[in-house]
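# how would this look folded up:
(one chain, ligands or ions: 2)
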Amino acid sequence: MILITGGTGYIGAHVALECMVRGEEVLILDNLCNSQRSAIDRISVLAGKRPGFIFGDVRNRRLLDSVLRDYPIDAVVHCAGLKAVGESVREPLRYYNTNVGGSVVLCQAMAQAGIFRLVFSSSATVYGDCTCMPINESCATGQPTNPYGMSKLMCENVMKSVASSDPRWSIGLLRYFNPIGAHASGLLGEAPTSTPNNLLPYLLQVALGERRALAVFGNDYPTPDGTGVRDYIHVEDLALGHIRALDALRDRRGVSLWNLGTGRGYSVLDVVKAFEKVSGIPIPLNVEARRPGDIACCWADPQKSIEELGWQARHGLEKMLADAWRWQCNQHKRDEVRKAN
Ligand code: NAD
Ligand code: WQD
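Ligands and ions are numbered 1, 2, ... in the order given. This is a model prediction of the structure:
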C-alpha cells in the first residue's frame, strides 16, 4: 500500500489515481487546507474503487505513527505542502513549519515504522537562477529567491542527510518543472482554495471572463519574444513519473535526483497563442513590469529520468492546455449550479 500525503491536492490526486490504475492500494493523508474532499469521489469514479482517506496533518507525529502502524504501507509519496510563492514571502514561518517540519516528522515516523521508500515532490526552484540550459541534475542547486523555494531546498537537504545516516533509505527527489493540465476526463484538476499565482490559473480566469486581461510579467527578458520561458509538463505525465520512481527505488539505496520536465521551453506568449488556438477564445494582455524573483528561462534536461526511470513526457503544450480548459469549464459549470441552488 502506498501512502500519499497531500493526495487530494492537484498533483497528489493524479498520482493516487495512477497508482490505483496500476493496481496499488492507496491511502491518502491530507488536511484539506488547499483541496477538497470531493477529490476522493472523483478519484474513485476514475479508478473504479475508493482510496483510503485520513483527514489529518502530516506534522502530527502521533497520527503518522498510528497510520504507519495500522496500514500495510510500504512506500510514501510526500506531496503535502504549501506552494504559493508570494504567500511564502508574507508568511515564511508557516511555509518552513509545514514544508520542512512536515518532512522531518514524516521521515521520523517512517524510520520508526521501518519504512524507507520515499518519493518527494521537489521543484526546479531548487536550481535557483541556473544559467546552464537545459538544466540537468548535476547542475548545482542555487539560491531560491523566496521562502517557498528555500523550504524545498531545505527538505531535499534534510532527506539527503537522513539517507546518509542510514543505508536502508531509498529516496527519490523529483524536481518538477511547471506542472499544468488536468486529467483528460475533466474530472481531476487544480482546485486551489487559496489565491493562485501561477500563469495557468490566471490565464483560465481571463478566458472565463473573471479577469479582464492577463498580466504579462515582463517582455524584456533575453528570450526570443522577451517573455519568460518555462518547461510546462502535463500533470498526467508527472504522475506517471512517480510510479516509475517508486519502481526504480526498489533497487536503489540513498538519494536519487530526477528532473520531471519535457525538455522544451515555451514563452508566456507561446502559451497564450496555443491556448487561443485550442479554446478559440482571445486573451487580452497587459504587459507589466517583471515579477520580482522571476528568472528568464528554465527548462529541463530529462535525459537522466529517461535513462534511469524509462520515463518521458508524452503530452505537448496544446494537449495540456485543452485538458486544463476542459477541467476549468466543468468546474465553472459546477460552481454555477451550486450558486443557483
Ligand atoms: P496542492 O496545494 O494542490 O496540494 C498540496 C496538498 O497538500 C493539498 O491537498 C493540501 O491540502 C495538502 N497539505 C498542505 N499542508 C498539509 C499538511 N500540513 N498536512 C497534510 N496535508 C497538507 O499543490 P500541488 O500543486 O498538488 O503540489 C504538491 C506538491 O508538489 C507540493 O509539495 C508542492 O510544493 C510541489 N510542487 C508543486 C508544483 C506546482 O507548480 N504545482 C511545482 C513543483 C513542486
Ligand atoms: C510562469 C511564467 C511568469 C503569471 C512557480 C514557482 C515554482 C513552481 C512552479 C512550485 C513566468 C509568467 C505568470 C502571470 C505571467 N512551483 N507569468 N503572468 O514562476 O516558473 O514557477 O511555479 O514548486 O517554484 O516559482 O511559474 O506559472 O508563476 O510563471 O506573465 O500572471 O509566466 O513571469 O515567466 P514559475 P508561474
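
# contacting residues around stretch 55-73?
1-3, 5-6, 25, 27, 29-32, 37, 52, 54, 78, 80, 97-98, 101-102, 105-106, 108-110, 112-113, 115 (CB atoms under 8 Å, 6 or more residues apart in numbering). Any C-beta I mention is one placed from the backbone N, CA and C, and that applies to glycine too.

# buried subset of those as a ChimeraX selection?
Buried residues among these (16 or more other CB atoms under 10 Å), as a ChimeraX selection:
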select :2,3,5,6,27,29,30,31,52,54,78,80,98,101,102,105,106,109,110,115
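
# tell me which parts of the stretch 51-200 of the chain are close to ligand 1?
57-59, 79-83, 98, 102, 121, 123, 176, 179 (CB under 6 Å from any ligand atom).

# now the chain against ligand 2: closest residue?
Across the chain, the shortest distance to ligand 2 (CB to the nearest ligand atom) belongs to Gly228, at 2.2 Å.

# may I ask which of the residues of the stretch 51-200 of the chain next to ligand 1 has the most neighbours?
Ala80 (29 neighbours; other CB atoms under 10 Å).

# where does it sit, in terms of helix or strand?
When elements are assigned from DSSP states H and E, Ala80 belongs to no helix and no strand.

# I'd say it and Leu29 touch.
Yes - contact criterion CB atoms under 8 Å: Ala80 and Leu29 qualify, at 7.2 Å.

# overlap in contacts, those two.
Thr5, Gly6, Val58.

# okay, the first one and Asn197: tell me how far apart.
Going back to what we said before, that points to Thr5. 23 Å (CB to CB, to the nearest Å).

# with the last one instead?
Relative to Asn197, Val58 is positioned 23 Å away (CB to CB).

# repeat that for the second one.
To Asn197, Gly6 is 18 Å away according to CB to CB.

# near ligand 2, which residues of the protein?
Residues of the chain lying near ligand 2 (CB under 6 Å from any ligand atom): 83, 85, 123, 125, 149, 178, 197-199, 202, 215-217, 228, 230, 268, 291, 294.

# now, of those residues, which are buried?
Those of the residues of the chain next to ligand 2 that meet the buried threshold are 83, 85, 123, 125, 149, 178, 198-199, 202, 215-217, 228, 230, 268, by 16+ other CB under 10 Å.

# which of these fall in strands?
Among these, DSSP state E puts Ser123, Asn178, Ala215, Val216, Phe217, Arg230 in strands.

# what sits closest to Pro292 if chain neighbours are left out?
Closest residue to Pro292 apart from its sequence neighbours, by CB to CB, 6 or more residues apart in numbering: Thr145 at 7.8 Å.
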